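K.L.:
can't give you the sequence, but here's the structure:
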C-alpha cells in the first residue's frame, strides 16, 4: 500500500511529502496546491499503466490533459520534476519508486528512474539493508534511450531502453530475477490501483451498461452493481441500503440495481421509499433520475469503497460536495468503517467545517494542510500535528472553525511565535 508520495519541482511544489494513511484528509484554501497534489497521483497511475509520459500530461484520445498540461508540469522556471512513492509491502519491507522526468521540445522523457527495496529490522526501527532493483545512468537530453542496470548481487546487468515510457512499465511482465519481478509487480499494482473518483450526478441518472469496474464519474454505478455475482450483489446492496436510509427524512427500504431491456445488458439504480402523508403510509419506487445530487454522490463513494480491490487507494476531491452538513458524521463513519473493512485507503479533500469538526482530535495526525510559502509562492504540505501552535489554535475551537477563519494559514505563513494570540 502507498504510504507517502514526494513531490519535487512538480507544478507548484518545490519539495513536499504527502503522507497516506487508512483515512487521510487534505485541506487548504483555493490555489493552495491540493489539486496539483492529486494530479501527481493521476500521472503515476497513467505512466504505470503504459501511457507515454507526454500523453500522461497533455492527454490523448483516451485520457484528458492534466491541469496545465505539459508546460506547467515542472515547477517554473525549471524543466524537470521528480515524483517518488513509498509502498509498504509487509512489516519489514518497503519499496521506493522514483521517476525524474524532463520536459523539452514539447515532449516529456525519463531523465532518471529507480526502484529500491528497503528491508527493516523487526519493529521498523532500523534499516537492515537496501538494494536498487533497477536504476538508470545519466543520459544526454536528446538521447532516445537510457542505460538501466538490473540488480544481480554484483555490478548489475546493463540494458538500453526507451525514454518515452516509464522504465517501470517497460520492465513489467518481463522475465527477470525474481525479486526484481516481484518488486516491479507490487509497485505497478499499487500505482494502477489508485482510483480518483469524481462523481457527476447528471451522468449517474442514465441507464448504464453492465461493467466490472466503476468509471471515474460513477456514471456506470448501476451497471457495476447489477453485474456482480448474486451473493456479492445482495451484500453490497444491503450496505448501500443501510447507509442510504440514514440520509433523508423519508424511509428508504431498499437500494438496488436491476437490469433492463430485452437482453438485460443495461441497468438502472433504484430506491424503494416510504413515508407518511396525511396520516397515511405512502410507498414509491424512485430511480436514479429522481434521486438528489447529494444522495447519488454519497452512493457513488460508498459503491467505490465496496468494489475497489484490497490495498488500493481511493481519492475523492471535495468528498462532501452536495451533502448536507448534518450528515457529516454519517459520511465520516462510512469512510472509516467501510474503508477499514475492505482494507481500502481513502484520501479526501474538503473545505467543509462541519466535516472537519466531526473528525475530532483523533483525526489530527491524519490531516495535512496545503498552503503557500509566502517567501517563494511554492506549495507546501504540513501535517496538522506538526504545527507548533496547534494546541493554542485548538483552544479557540475545533479544526473546522479555525480552518474556516483562516487561522491555520495565518500561523503557517507567520514567522512570529505568538501568531495565534495576534490573529
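P.N.:
Perfect, thanks for sending it. Small disclaimer: the values here were computed from a predicted structure and weren't measured. Numbering: from 1, shown residues only.

K.L.:
residue 224 - that's part of a helix, no?
P.N.:
Yes. Judged by DSSP: H, G, I helix; E, B strand; the rest coil, residue 224 forms part of a helix.

K.L.:
which residues touch it?
P.N.:
Residues near residue 224 by CB atoms under 8 Å, 6 or more residues apart in numbering: 211-214, 257, 303, 307. Any C-beta I mention is one placed from the backbone N, CA and C, and that applies to glycine too.

K.L.:
which one of those residues is nearest residue 162?
P.N.:
Nearest to residue 162, judged by CB to CB, of these is residue 213 at 29.1 Å.

K.L.:
now do that closest one against residue 83, distance only.
P.N.:
25 Å (CB to CB, to the nearest Å).

K.L.:
the more surrounded of those two?
P.N.:
residue 83 (20 against 12; other CB atoms under 10 Å).

K.L.:
buried ones in stretch 325-340, by neighbour count?
P.N.:
For stretch 325-340, a neighbour-count test (16 or more other CB atoms under 10 Å) marks 327-332, 334-335, 338-339 as buried.

K.L.:
scratch that, stretch 202-222
P.N.:
Buried residues in stretch 202-222 (16+ other CB under 10 Å): 203-205, 207-208, 210-211, 214-215, 217-222.

K.L.:
go on, stretch 238-246?
P.N.:
Within stretch 238-246, the residues scored as buried using 16+ other CB under 10 Å are 239-241, 243-245.

K.L.:
lowest-confidence one in the residues you listed?
P.N.:
Confidence by pLDDT is poorest for residue 245 among the buried residues of stretch 238-246, given 90.

K.L.:
grab the nearest non-local neighbour of it.
P.N.:
For residue 245, ignoring the flanking residues on the chain, the nearest one in space by CB to CB, 6 or more residues apart in numbering is residue 252 at 4.1 Å.

K.L.:
neighbouring strands for the strand or helix carrying that neighbour, and are they parallel or not?
P.N.:
Here residue 252, judged by DSSP states H and E, is contained in strand 251-260. Using DSSP bridges, the strands paired with strand 251-260 in its sheet are strand 266-277 (antiparallel).

K.L.:
for the partner strand, give me every contacting residue.
P.N.:
Residues outside strand 266-277 that contact it (CB under 8 Å, 6+ apart) are 204, 207-210, 221-223, 225-227, 244, 248-260, 281-288, 291, 299.

K.L.:
pull out the buried positions in it.
P.N.:
266-271, 273.

K.L.:
tell me the helices and strands packed up against the helix or strand hosting residue 368.
P.N.:
Per DSSP H and E: residue 368 is located in strand 367-372. Contacts defined by 3 or more CB pairs under 8 Å, 6 or more residues apart in numbering; DSSP states H and E place strand 367-372 against strand 23-27, strand 379-383, helix 407-413.

K.L.:
list the strands paired with it, with their directions.
P.N.:
strand 23-27 (parallel), strand 379-383 (antiparallel).

K.L.:
got a markdown table for these, with mean pLDDT, mean neighbour count and distance to residue 414 too?
P.N.:
Shown next, in a markdown table, are the strands paired with strand 367-372 (pLDDT from 0 to 100; neighbours: other CB atoms under 10 Å; distance: least, CB to CB, whole Å):
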| stretch | mean pLDDT | mean neighbour count | distance to residue 414 |
| --- | --- | --- | --- |
| strand 23-27 | 97 | 22 | 18 |
| strand 379-383 | 96 | 20 | 13 |
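
K.L.:
possible to save those as CSV with distance to residue 368?
P.N.:
Listed next are the strands paired with strand 367-372 as CSV, based on distance: least, CB to CB, whole Å:
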stretch, distance to residue 368
strand 23-27, 5
strand 379-383, 5
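
K.L.:
and those strands: which comes nearest residue 348?
P.N.:
For residue 348, the closest of the strands paired with strand 367-372 is strand 23-27, at 5.8 Å, according to CB to CB.

K.L.:
ok, then the element right after that closest one?
P.N.:
helix 34-48.

K.L.:
I'd like to know the beta-bridge partner residues of the closest residue to residue 37 other than its chain neighbours.
P.N.:
Nearest non-adjacent residue to residue 37, counting by CB to CB, 6+ apart: residue 18, 5.8 Å away. Legend: beta-bridge partners of residue 18 under DSSP bridges are residue 5.
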